[in-house]
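Novice: Only the shape, not the letters, is given here:
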């Protein structure tokens, strides 16, 4: 064999070895573990029972036919005491799982039986998904109960139409293996997720802070693979200048298009989720089909209440969270409303008579003998509307 | 919405903005110039329609379609007339680019990929209401109130709102945020009323205009058609930019578009001596603070860049001193006039007087994760340093690339400083703001990549000697 051929052989071996190391790092594989799992614990769907919602066994599967009143569903099963550290790979499969639901793993340990731990899982889609539980800090100790919960996609899917019947095929816990870790990495890379609140700020994390466990993401891994390609080409094949740059440029272009193709596939999925939610609703009514249906109903009620009032009528809204306050104000447009928190932050401001105060799903501030204390002020109020979510008061007079 | 009014809503920005753009830079004499005029023009025109809504229809928004439509027709036509009247009559001589082998196939594939993406955007945007938090809490909240009330009440501070209960004013926590974007949104609602999926299609228009404008700008700087098209694909394939299109409602993509259009106008003025590009630059410098608070900072950066460019040669040695003085003067002016962004900046600085060394590490780690550890930017943040390193010999001789490099580097350093050294670090660590600020520079970063990779060394854009470089 000529020197050039030896060099090419060395290039292939060096590149293969480097990329293998990269794969081990990205998937979190300890090279000493076996290629396939040494032992597994199968938990077929029929073994579970519904805690929330309705479900019936059907052969090996569990047919989940309805959600609970709060639109969530939960299926659990007791398990023989399992050492979490021995079974870090979770494989799970569902059939006809709606894209409008989120999925979580729920488990309990013998050490802290009163604590229910949850782990957000990638959408199951069709086929089997794999999740690496060794990255989850709470997956420790002895597992005594395992379950799966489903709930409408937060901030996106209106709860009433989010649930559709599906089948839980089953889950399997596996001991550590190359196969399991690679499958978990693959699922982490290519499992779908709908649009989230964070999506406009970061792609990839499903929550602020990027705190959920995950494998290093493809752009970083692909870039490191390209760096490895450059270094091996430079030092083994002794390529330099344009001889090195051209194939690297081509590889980078292919990698860019590949990552974009994966992103396009994801974009298409997110579009499909949105079509599932809003596709059947007339175009002009889609904005009235929102995840916070109760807030919308409260906003409509408030608008009807104030329909004959002057448009300058001031409305102060109080609720449990800033999100609820802002949503109620937005959905009640064009009501002239603002947050009660704004008043509390401006203690020298007076609340004029005629102002409407709205408590949305909170019962404070609450009047005593028609007198309500807000910050340092006292006002005489009259209830002008009330239902289970909303109480509206009109300020009759300012006491002090 | 019905056919003709919808057409007016979408074509008025095109006519108005392209007319203004053509009047500023001259009659477009090449196809690529048309792309810049219509792309950049649509963006400027949409924002100007917002300005016109405020000027002509604040008390009666439903009359805005006719009033602003007619005004846009008149101003746009006048702009095109000025461009025709002032057109250059000398024969056009420009660089002739040899077609790349297989270029047509690549071009068709790229156009198909862009068309597929546009279809995904269109069908997704029209599916859902406004989703992201700040979109409905800040940027569209005012517009929705105004549209549904059919007139625009001013937004005032909370205290003033409550103390004057008979006065037709409103308030919100973001009452003093710039209002040009809400006004622009009222324009896109003027034919239909408040229908969010329809209004949010404006972000699809922004995306298409942004791509067309960049194609035109790169071609004008001497990049070949196929490479300019490849650059358009690079820009279009950035996931976070795509998210801002699909989840329309945020202001950052508008700022990004304006910042990049201004950067290219500045570059063409400095590189090719196209003095009329300064008119575009001045217009954008005026618009940027009207969209978002940080737009004022970018306007100051652009203003300092212009001052660098107009300094006489004998003063070049003092350019950094002069630049700092100009920036300081602009900041003092903003403080004197109580421009809102100053209050926000002051809050961060005051919160950060005690230097917290322990905050720097996690912030820089979060920033690094935002650039290299997530899906946000495809391979951009890997490719750009690699291309700068690989092509260092070429770009260090190209004034165009060096100038673009400095124009991007200064705001980037400001962002890194903001998120590493001030109280804004928490927004870096939560990823809630850092990527959105980076997005505002992303089209310019892609442009830097395109120029580093594909700006021919013998094109006019690279003809300046190193002594001419502004920085």
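Specialist: Noted; the coordinates are in hand. Everything quoted here is computed from the prediction, not taken from an experiment.
Novice: What residues of the helix or strand bottoming out on mean pLDDT in chain A count as buried?
Specialist: Across the helices and strands of chain A, mean confidence by mean pLDDT, DSSP states H and E is lowest for helix A:340-344: a mean of 85. Counting neighbours by 16 or more other Cβ atoms under 10 Å in any protein chain shown, one finds that the buried residues in helix A:340-344 are A:340, A:341, A:342, A:343. From N, CA and C alone the C-beta is placed, and that goes for glycine too.
Novice: neighbouring contacts of the helix or strand following that helix?
Specialist: Following the chain from helix A:340-344 toward its C-terminal end, the next helix or strand by DSSP states H and E is strand A:356-360. With contact meaning Cβ atoms under 8 Å, 6 or more residues apart in numbering or on different chains, strand A:356-360 is reached by A:295, A:298, A:302, A:306, A:309, A:313-319, A:324-325, A:328, A:337, A:340, A:365-366, A:372, A:374, A:381, A:384, A:389-395.
Novice: ok, back up a step: quick one: the buried residues of helix A:340-344 as a markdown table, columns for distance to chain B too.
Specialist: A markdown table is the format used below for the buried residues of helix A:340-344 (distance: Cβ to the nearest Cβ, whole Å):
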| residue | distance to chain B |
| --- | --- |
| A:340 | 11 |
| A:341 | 8 |
| A:342 | 4 |
| A:343 | 7 |
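Novice: so what's residue A:47 up against?
Specialist: Contacts here follow Cβ under 8 Å, 6+ apart; on that basis residue A:47 touches A:62, A:77, A:170.
Novice: mind running it again at 10 Å?
Specialist: Contacts of residue A:47 were listed using Cβ atoms under 10 Å, 6 or more residues apart in numbering or on different chains, and they are A:57, A:60, A:62, A:75, A:76, A:77, A:78, A:79, A:146, A:168, A:170, A:171.
Novice: element containing the first one?
Specialist: Going back to what we said before, that points to residue A:57. Residue A:57 is part of strand A:54-58, with elements assigned from DSSP H and E.
Novice: For that strand, could you pull out the residues that count as buried?
Specialist: Neighbour counts using 16+ other Cβ under 10 Å place residue A:55 of strand A:54-58 among the buried residues.
Novice: Describe which strands it pairs with in its sheet and in which direction.
Specialist: strand A:61-66 (antiparallel) (DSSP bridges).
Novice: Next, the buried residues of the strand it pairs with.
Specialist: A:61, A:62, A:63, A:64, A:65.
Novice: Would you write out the PyMOL command that picks the buried residues out of the contacts of strand A:356-360?
Specialist: Selecting only the buried members of the contacts of strand A:356-360 in PyMOL, with burial defined as 16+ other Cβ under 10 Å, works like this:
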select buried, chain A and resi 295+298+302+306+314+315+316+317+318+319+324+325+328+337+340+365+372+374+381+389+390+391+392+393+394+395
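Novice: Helices - which of the contacts of strand A:356-360 land there?
Specialist: Those of these mapping onto helices are A:295, A:298, A:302, A:324, A:325, A:328, A:340, per DSSP state H.
Novice: and the closest residue to the second one other than its chain neighbours, how far is that from residue A:318?
Specialist: Closest residue to residue A:298 in three dimensions, ignoring its sequence neighbours and counting by Cβ to Cβ, 6 or more residues apart in numbering or on different chains: residue A:390, at 4.6 Å. Taking Cβ to Cβ, to the nearest Å as the criterion, residue A:390 is separated from residue A:318 by 11 Å.
Novice: Which neighbours do these two have in common?
Specialist: Any residue near both residue A:390 and residue A:318 by Cβ under 10 Å, 6+ apart counts here, and that gives A:328, A:358, A:359, A:360, A:361, A:362.
Novice: Using the three-state scheme, assign the last one.
Specialist: Which is residue A:362. Residue A:362 falls in the coil class when you classify it by DSSP: H, G, I helix; E, B strand; the rest coil.
Novice: That one is in contact with residue A:324, isn't it?
Specialist: Yes: with contacts counted by Cβ atoms under 10 Å, residue A:362 reaches residue A:324, the gap being 8.9 Å.
Novice: Now for the two: what residues contact both?
Specialist: The contact lists of residue A:362 and residue A:324 share residue A:318, where a contact means Cβ under 10 Å, 6+ apart.
Novice: what packs against the strand or helix carrying residue B:185?
Specialist: Residue B:185 is located in helix B:180-188, with elements delineated by DSSP H and E. The contact analysis (3 or more Cβ pairs under 10 Å, 6 or more residues apart in numbering or on different chains; DSSP states H and E) places helix B:180-188 against helix B:3-25, helix B:31-57, helix B:64-85, helix B:141-149, helix B:196-199, helix B:201-220, helix B:252-272, helix B:277-291.
Novice: For these, give me a markdown table that also has mean pLDDT, mean neighbour count and distance to residue B:386.
Specialist: Conversion of these to a markdown table gives the following (pLDDT from 0 to 100; neighbours: other Cβ atoms under 10 Å in any protein chain shown; distance: least, Cβ to Cβ, whole Å):
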| stretch | mean pLDDT | mean neighbour count | distance to residue B:386 |
| --- | --- | --- | --- |
| helix B:3-25 | 96 | 22 | 34 |
| helix B:31-57 | 96 | 24 | 28 |
| helix B:64-85 | 97 | 18 | 41 |
| helix B:141-149 | 97 | 23 | 43 |
| helix B:196-199 | 97 | 24 | 40 |
| helix B:201-220 | 97 | 24 | 20 |
| helix B:252-272 | 97 | 26 | 22 |
| helix B:277-291 | 96 | 21 | 31 |
